[in-house]
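A.B. asks: Have a look; sequence and predicted model below, questions after that.
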Amino acid sequence: MTIARTTLALAPARPTAREAGACPRVPRRERLLRTAGLYGRGAAEAIAETLWPTRCAVCDTPGEVLCAPCSLNLSHIDWWRACPRCGAPFGRVQCSECNDVLMSVAGRDEPPFDACASAVAFDDAAARIVRTWKDAGERRLAGAMATLMAPMAPPSWLADHPCIVPVPATAAARRRRGFDHGEELAQALADRLG
């Protein structure tokens, strides 16, 4: 079951230090927690929080990985107006992303999936969340993203207790990041959907 649709977006001309990965706060924190092991994890988390406090992925204010104002300011997609096939924000009546003309140009009769649902539009704020989660190693964002995605699952998808299967990361991406981001998001989403 695909629940979020990804689109490509152009990167800003001059990324900030946090976007460019120059902010070592999250990777150092993650290294400390990994080396702490099972017994010292609580103490290591307290030390890591003191040295590198949790900051919002969007506005960089201390507190949570995604603060409430930034979560509310994301471009949320109305499920009743979105395309039921591809999840485009305003495609319920006539979709501009997966209509028959575009599918025929792509050499297809229909998309290569059954249905999609999108939680938010992929704008600058959403891109910062994804980059911070995947490339800066802020693994706690998987829970925040799953919380945004869970209400967007159409009731018909949940009727038969579906299995959520992640698209696995490539071996190179998994080595570079140190974790499989798709697996963590799928687990967090499954926890929220029951």
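C.D. replies: Arrived safely, thanks for sending. None of the values given here were measured: they were computed from a predicted structure.
A.B. asks: for the chain, which spans come out with low pLDDT?
C.D. replies: Residues of the chain meeting the criterion pLDDT under 70: 1-41, 45.
A.B. asks: try 90
C.D. replies: Residues of the chain meeting the criterion pLDDT under 90: 1-55, 57, 60-64, 78-118, 122, 133-140, 151-169, 173-179, 193-194.
A.B. asks: in which helix or strand would I find the nearest residue to residue 78 once chain neighbours are set aside?
C.D. replies: Of all residues not flanking residue 78 in the chain, residue 89 sits nearest, at 7.6 Å (Cβ to Cβ, 6 or more residues apart in numbering). To be clear about C-beta, it is placed using only N, CA and C from the backbone, and glycine gets the same treatment. Assigned by DSSP states H and E, residue 89 belongs to no helix or strand.
A.B. asks: same check, this time on residue 80
C.D. replies: Using DSSP H and E, residue 80 sits within no helix or strand.
A.B. asks: Quick check: buried residues in stretch 167-186?
C.D. replies: By neighbour count with 16 or more other Cβ atoms under 10 Å, stretch 167-186 contains the buried residues 169, 177, 180, 181, 182, 183, 184, 185, 186.
A.B. asks: could you dump that stretch to PDB, C-alpha only?
C.D. replies: Taking Å, rounded to 0.1, in the frame of the first residue of the first chain, the C-alpha atoms of stretch 167-186 are listed here in PDB:
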ATOM      1  CA  VAL A 167      10.100   0.100  -0.500                       C
ATOM      2  CA  PRO A 168      13.700  -0.900   0.600                       C
ATOM      3  CA  ALA A 169      16.500   1.500   0.400                       C
ATOM      4  CA  THR A 170      19.400   0.700  -1.800                       C
ATOM      5  CA  ALA A 171      22.400  -0.900  -0.100                       C
ATOM      6  CA  ALA A 172      24.500   2.200  -0.800                       C
ATOM      7  CA  ALA A 173      21.800   4.500   0.800                       C
ATOM      8  CA  ARG A 174      21.400   2.200   3.700                       C
ATOM      9  CA  ARG A 175      25.200   2.300   4.400                       C
ATOM     10  CA  ARG A 176      25.400   6.000   4.000                       C
ATOM     11  CA  ARG A 177      22.400   6.700   6.300                       C
ATOM     12  CA  GLY A 178      22.900   3.900   8.700                       C
ATOM     13  CA  PHE A 179      19.300   2.900   8.600                       C
ATOM     14  CA  ASP A 180      16.500   2.000   6.200                       C
ATOM     15  CA  HIS A 181      14.200   5.000   6.200                       C
ATOM     16  CA  GLY A 182      11.300   3.200   4.400                       C
ATOM     17  CA  GLU A 183      11.300   0.400   6.900                       C
ATOM     18  CA  GLU A 184      11.200   2.800   9.900                       C
ATOM     19  CA  LEU A 185       8.400   4.900   8.300                       C
ATOM     20  CA  ALA A 186       6.400   1.700   7.500                       C
END
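A.B. asks: hang on, the earlier thing: and the furthest pair within the buried residues of stretch 167-186?
C.D. replies: By the measure Cβ to Cβ, 177 and 186 form the most distant pair in those, at 15.5 Å.
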